[in-house]
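Enquirer: Please work out how this folds:
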Amino acid sequence: AAGADPDLSSDLDAAAQNARLRSKADACPNTCVYVGFLGWWVTEKDLQEFFSPYGELVSVRLLISKKSRRSREQAFVEYGSVEQAQRAITWLDSIDNASLVKQAGCGGLVVRFADRKKPSFDA
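Expert: Have a look, this model is predicted:
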């Protein structure tokens, strides 16, 4: 954008790259998908609407900070099958949807298979 703060822009680019690096690109295929670089305003309902066209949703969990009670800008979406999860990853990884991403033009959503080594749906 014209007149945009170059320091802010580079910080957002770094944040997008960081989200990609933290996600497990080599995680084993499974039914659970990690979604990162979400905007703080995104709700579980928004995620359900956005991810449901790619398969049967078993659950959607938006991570919320216990301290601030705001979104941690990450979520887990669980599908009915590995094939459905793969379809969502194929179509949605790096998509630059302004209603969902933290900052448009910075690499888009991070959508990958979740690393199932850590329990993602246990409280």
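
Enquirer: which residue is nearest the middle of the chain?
Expert: Val35 (1.9 Å; CA atoms, centre = their mean).

Enquirer: Could you pull out the buried residues of stretch 53-66?
Expert: Across stretch 53-66, burial judged by 16 or more other CB atoms under 10 Å covers Tyr54, Gly55, Leu57, Val60, Arg61, Leu62. Any C-beta I mention is one placed from the backbone N, CA and C, and that applies to glycine too.

Enquirer: Give me the number of neighbouring residues for Ser81.
Expert: By other CB atoms under 10 Å, 12 other residues sit near Ser81.

Enquirer: Tally up the residues packed near the closest residue to it other than its chain neighbours, please.
Expert: Closest residue in space to Ser81, ignoring its immediate chain neighbours: Thr31 at 6.3 Å, by CB to CB, 6 or more residues apart in numbering. Thr31 is flanked by 21 other residues according to other CB under 10 Å.
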